[in-house]
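Enquirer: No sequence on hand, only this structure:
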């Protein structure tokens with residue numbers, strides 16, 4: 001996808017990509033899944049999954065989300081380098097940059113829970129003329145967005161929404177959806193995502 005969310009190709013991100021590759025391969029093998037089986041469960045191509053396990057290229061957020069859900073873990077589990085604790089401190093200005101738009105927009109995963117229920121906090125900056133087209137998440141996924149600066153446009157299930165500072169939007173994102181800058185100035189917004197693991201019996 002032209003507007004897919006990609007991990008940045010720099011030295012730090014290469015370490016992150018390598019860690020993701022190790023975690024995906026280990027989780028897949030621990031669950032006794034072949035590449036074909038996991039690809040089918042995640043609804044991704046076998047080639048994309050093989051590339052992910054080989055740390056080849058820059059995986060999209062869609063690929064990470066679908067793979068994590070199919071493995072019954074969160075994206076944070078795929079990124080994690082340490083054992084989860086009962087309480088964790090995180091910086092709102094920190095997090096992994098997992099997307100860069102064509103003119104400088106960014107998406108940061110500020111924090112995510114570990115384990116099968118994926119709960120994430122993101123911060124996005126989308127510049128004018130930038131757009132992110134997202135694939136459908138697993139059934140029951142919900143996103144809550146709130147704008148801090150600028151105007152945010154969102155398209156879901158054929159319906160268009162625009163919200164400004166002080167406004168929020170709740171969406172069920174188990175269908176394709178998109179975000180874009182709806183004004184002449186960049187839009188900054190935070191997003192909470194709650195996603196269940198994929199039901200392996202389905």
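Expert: Thanks, I have the structure now. Please read these numbers as outputs of a predicted model, since none were measured by experiment.

Enquirer: Just give me the longest helix of the chain.
Expert: If each helix of the chain is counted by residues according to DSSP state H, the longest one is helix 11-30.

Enquirer: Give me the buried stretch members for that helix, please.
Expert: Counting neighbours by 16 or more other Cβ atoms under 10 Å, one finds that the buried residues in helix 11-30 are 13, 16-17, 20-21, 23-25, 27-28. C-beta here means a position set from N, CA and C on the backbone, and glycine is covered the same way.

Enquirer: can you pull the pLDDT of the residue nearest to the spatial centre of the chain?
Expert: Within the chain, one residue has its C-alpha closest to the average C-alpha position: by Cα atoms, centre = their mean, that is residue 61, at 4.0 Å. Reading off the per-residue confidence, residue 61 sits at a pLDDT of 80.

Enquirer: Surely it touches residue 98?
Expert: Yes. Here residue 61 reaches residue 98: they are 5.6 Å apart, a contact under Cβ atoms under 8 Å.

Enquirer: My read is that residue 140 contacts residue 193, right?
Expert: No. With the criterion set as Cβ under 8 Å, residue 140 and residue 193 do not qualify as a contacting pair; they are 11.7 Å apart.

Enquirer: neighbour count winner among those two?
Expert: Neighbours per residue (other Cβ atoms under 10 Å) separate residue 140 from residue 193, with residue 193 holding more: 21 against 12.

Enquirer: Find the nearest non-adjacent residue to that one, please.
Expert: Nearest residue to residue 193 in three dimensions, chain neighbours excluded: residue 120, at 4.5 Å (Cβ to Cβ, 6 or more residues apart in numbering).

Enquirer: Which parts of the protein are helices?
Expert: Ranges of helices within the chain are 11-30, 35-42, 46-53, 61-71, 75-79, based on DSSP H.

Enquirer: What mean pLDDT does the longest one get?
Expert: What that stands for is helix 11-30. Along helix 11-30, the predicted confidence averages to a pLDDT of 82.

Enquirer: Which pLDDT does the model give residue 69?
Expert: Listed pLDDT for residue 69 reads 84.

Enquirer: which residues does it contact?
Expert: When contacts are counted by Cβ atoms under 8 Å, 6 or more residues apart in numbering, residue 69 is found next to 42, 118, 137-138, 195-198.

Enquirer: What is the nearest of the buried residues of helix 11-30 to residue 159?
Expert: Distance to residue 159 across these (Cβ to Cβ) is lowest for residue 20, with 33.6 Å.

Enquirer: what stretches of the protein score poorly on pLDDT?
Expert: With pLDDT under 70 as the threshold, the chain has low-confidence stretches at 1-12, 81-85, 199-202.

Enquirer: Which parts of it belong to which domain?
Expert: If the domains of the chain are taken from automatic domain parsing, they occupy 11-79, 96-195, with pieces of a single domain joined by a plus sign.
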